[in-house]
Structure formats: structure tokens, C-alpha cells
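**Q** 3D, please:
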Amino acid sequence: MDFKNIIIATKNRGKVDEFKLLFKDYFDNIYSLLDFDSTPEIVEDQPTFAGNALKKAEIIGNYFDKITLSDDSGLVVDALNGEPGTYSARYAGENATDADNLNKLLSEMKSVSNRKARFVCALALVFPDGKKEVFEGECEGLITEIKRGANGFGYDPVFYISQYEKTMAELDPKTKNMISHRSNAVKKLINFLKVTK
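**A** All right, here's what the predicted structure looks like:
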């Protein structure tokens with residue numbers, strides 16, 4: 001199998017840099033959607049994180065005929081029947097900011113006693129021969145009543161990790177990267193690459 005090239009199906013510079021660091025020992029050339037003038041538009045309309053990640057990876061992989069990785073992630077809150085789920089980035093509307101989404105979540109959670117939640121990340125790896133793999137990672141926590149901390153992004157200021165007695169936004173980046181849903185999914189992906197290459 002040709003492990004020379006991989007495309008990371010994202011235009012998010014932070015994610016690109018993160019994955020380039022992780023993959024430097026496994027691929028000669030690591031591309032992202034930032035490297036191409038035009039790429040297919042993708043509507044994330046699947047009911048699961050794995051479904052959205054697979055859809056993105058398959059469309060981009062077929063377009064370029066290269067190994068492609070895509071991820072989809074978000075917050076799942078037990079008391080809200082799994083919401084915001086796959087709508088995490090647009091929970092308060094299509095053009096919602098992180099602050100909009102956070103405020104909506106805190107409003108929905110007012111006077112709710114069950115605060116259990118988890119961050120979920122699904123990584124989909126698709127090969128030109130049609131083979132596909134999905135790796136999922138989770139991070140368990142509780143939703144706080146107020147925002148705390150200035151690090152991170154998204155729902156981090158209200159996601160409390162009991163083990164550290166801090167929200168995700170109060171953790172230093174190194175600690176966050178050790179326990180995050182994305183890092184747990186990436187560990188599974190790296191193990192797969194180690195035995196496959």
C-alpha cells in the first residue's frame with residue numbers, strides 16, 4: 001500500500017499542524033485542503049460523528065485518489081438526549097460563534113441536575129482501494145453552571161474534568177492533549193499505522 005501521500009480533509013490550520021506533527025514518521029507528503037485551489041463542497045448531514053467523518057474522507061479521497069483522513073467531533077450531553085452532538089459547531093444556528101453555542105447550552109442546562117457529558121471524536125481513514133477505518137475517542141466530563149478558564153475553544157470553558165478538578169479551558173494545552181477525545185482517537189489511529197505500514 002502506498003503510504004507516501006495523505007490528505008487531511010480540513011481547512012483548519014490548527015488541525016493541519018497537529019496532524020502533520022503526528023504523521024511525519026508515516027507519510028512522505030502530508031497535504032490538506034489548504035494546499036488546493038478547489039475541492040468539493042461537503043454537506044455534513046450524517047446522524048453520527050463517524051458518518052460525517054467517513055463522508056468527508058470518501059468524497060475528498062475519491063476526488064484526489066489518495067489516502068485521506070477526516071475527523072468530526074463534538075459534545076454529547078446526556079440530559080439533552082445527546083445534543084448538541086453532530087450540530088455542536090452550529091448549535092445556536094448556522095453562523096453561531098463559540099459564545100453563542102455556549103450560552104445556548106448553559107441556558108438549556110439551567111436547573112438540570114444530570115450534568116454528565118462527553119466529547120467525542122471520530123477519525124475516518126479512507127484508502128484509494130476502498131478500504132476504510134474509523135477510530136473513535138471520548139473524554140468524559142460534566143457541564144458546569146458557569147464558564148471557567150481561558151484556554152482551548154468551543155465548549156471547553158464549561159466542560160469539567162473531575163480528575164483534574166478543572167474545566168478543559170483551565171487545563172494547560174499539554175494536559176488537554178493527553179486526555180482529549182481527539183488524542184484518544186489519534187492513539188488508536190497511530191497504532192493502526194504502526195502495524196499496517
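
**Q** Phe23 is in contact with Ile30, correct?
**A** Yes. Checked against Cβ atoms under 8 Å, the pair Ile30 and Phe23 is within contact range at 5.4 Å. C-beta here means a position set from N, CA and C on the backbone, and glycine is covered the same way.

**Q** quick one: common contacting residues for those two?
**A** Here Ile30 and Phe23 have Ile6 as joint contacts, going by Cβ atoms under 8 Å, 6 or more residues apart in numbering.

**Q** Pick out the residue closest to the middle of this structure.
**A** Closest residue to the average C-alpha location of the chain: Ser73 at 3.3 Å, with Cα atoms, centre = their mean.

**Q** show me what contacts it?
**A** The contact partners of Ser73, by Cβ under 8 Å, 6+ apart, come to Phe49, Ser88, Phe119, Val120, Cys121, Ala122, His181, Arg182.

**Q** Strands - which of these land there?
**A** Among the contacts of Ser73, the ones falling in strands (DSSP state E) are Phe119, Val120, Cys121, Ala122.

**Q** With pLDDT and neighbour count as extra columns, can I get those residues in TSV?
**A** Listed next are the ones in strands among the contacts of Ser73 as TSV, based on pLDDT from 0 to 100; neighbours: other Cβ atoms under 10 Å:
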residue	pLDDT	neighbour count
Phe119	97	24
Val120	97	25
Cys121	96	23
Ala122	98	24
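
**Q** Tell me the one among those nearest to Phe3.
**A** Checking the ones in strands among the contacts of Ser73 against Phe3 with Cβ to Cβ, the nearest one is Ala122 at 21.8 Å.

**Q** What distance do you get for that closest one to Leu193?
**A** Separation of Ala122 from Leu193 (Cβ to Cβ, to the nearest Å): 17 Å.

**Q** buried stuff in the worst-scoring helix or strand of the chain on mean pLDDT?
**A** Least confident helix or strand, the chain: helix 13-23 with a mean of 83, by mean pLDDT, DSSP states H and E. In terms of neighbour count (16 or more other Cβ atoms under 10 Å), helix 13-23 has its buried residues at Val16, Glu18, Phe19, Leu22, Phe23.
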